[in-house]
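Asks: Task: produce atomic coordinates for the following.
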Amino acid sequence: MEKPDRVERSVIIQVKTSVDIQALQNVQELLGWRVYVTNKPVQDLSIEDVVMTYRDQYIIEHQFHRLKGKALSLAPMFIQRDDRIDGLVKFLTIAMRPLVIIEKKIRDSIQKRGEGLSGLFEYNPTKVVINPKTERIIEFFEGVYLSITMFGEQVFYTVTGMSLKHREILDLMEIDLNIYAYMGSIQEMVT
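Replies: Numbers count the residues shown, from 1 in each chain. Take a look at the predicted model:
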């Protein structure tokens, strides 16, 4: 198969050297300005509060995006009544809370100790993260199991598949594995 001949083109572009000063000044006056609109009265929400809320919007949007991700995999639905919309949003935020709490606790602990967390990614075990996502933490715990065995009145708890990295993550969350050593006696006291 023969290759086609090479084709070269020359293009000349002429640019005006004059600037419309008035148009430039009009654009510069608007640079950096944003318009914020709310139906809240000024006494309920100051302009500073509006701006700060807007700046944090990505945080809220990120949390609702989680509902559509792997963790909960919610599908879109059509709801018309305001009370049902309100109820659904409140219900969904209950599902989001554990994800947010785990993430915040781990991130705060990492910041406090001044050292990131490595070993979360199988493809790059030396990669250090300072803001791990809860979903990644949950995936990392795949293969860790809690077995509960009852023998008469005694209850035995066994955790299997736990590595030192799992223990490090639990330490960051301030969860002590020794709780399972005491749960047997707590179980007997409850029943």
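Asks: excluding its backbone neighbours, what's nearest the residue nearest the centre of the chain?
Replies: Compute the mean C-alpha point of the chain, and by C-alpha atoms, centre = their mean the closest residue is K133, 5.5 Å away. Leaving aside its chain neighbours, K133 sits nearest to E103 (6.6 Å; criterion: C-beta to C-beta, 6 or more residues apart in numbering). Bear in mind the C-beta positions are built from the backbone N, C-alpha and C, glycine included.
Asks: which helices and strands sit right next to the helix or strand hosting that neighbour?
Replies: Here E103 sits within helix 82-113, counting by DSSP states H and E. For helix 82-113, the elements it packs on are helix 57-68, helix 134-140, helix 164-172, judged by 3 or more C-beta pairs under 8 Å, 6 or more residues apart in numbering; DSSP states H and E.
Asks: which one of the ones you listed lies closest to E153?
Replies: helix 164-172 (28.8 Å; C-beta to C-beta).
Asks: Out of the helices and strands in this protein, which is least certain?
Replies: In the chain, the helix or strand scored least confidently by mean pLDDT, DSSP states H and E is helix 179-190, which has a mean of 50.
Asks: Phi first, then psi, for the residue nearest to the centre of the chain.
Replies: phi -80, psi 140 (degrees, to the nearest 10).
Asks: count of neighbours near I138?
Replies: Using other C-beta atoms under 10 Å, I138 has 14 other residues around it.
Asks: Now tabulate the helices and strands packed on helix 82-113 in CSV and tack on mean pLDDT and distance to T93.
Replies: Output for the helices and strands packed on helix 82-113, formatted as CSV (pLDDT from 0 to 100; distance: least, C-beta to C-beta, whole Å):
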stretch, mean pLDDT, distance to T93
helix 57-68, 70, 8
helix 134-140, 90, 15
helix 164-172, 92, 24
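Asks: Save those helices as JSON lines, and put in distance to D5 too.
Replies: Supplementary listing: those in JSON lines, determined by distance: least, C-beta to C-beta, whole Å:
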{"stretch": "helix 57-68", "distance to D5": "52"}
{"stretch": "helix 134-140", "distance to D5": "53"}
{"stretch": "helix 164-172", "distance to D5": "60"}
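Asks: Out of the ones you listed, which is closest to S10?
Replies: Per C-beta to C-beta, nearest to S10 of the helices and strands packed on helix 82-113: helix 57-68, 46.9 Å.
Asks: what packs against the closest one?
Replies: By 3+ C-beta pairs under 8 Å, 6+ apart, helix 57-68 packs against helix 82-113.
Asks: and the helix it packs on, which residues are buried?
Replies: For helix 82-113, a neighbour-count test (16 or more other C-beta atoms under 10 Å) marks M96, L99, I102, E103, I106, R107, I110 as buried.
Asks: Touching, the second one and H65? I think so.
Replies: No: the pair L99 / H65 is not scored as a contact, 11.3 Å apart, by C-beta atoms under 8 Å.
Asks: Report the separation between Y123 and G116.
Replies: 17 Å (C-beta to C-beta, to the nearest Å).
Asks: An error on my part: the question was meant for Y54.
Replies: 30 Å.
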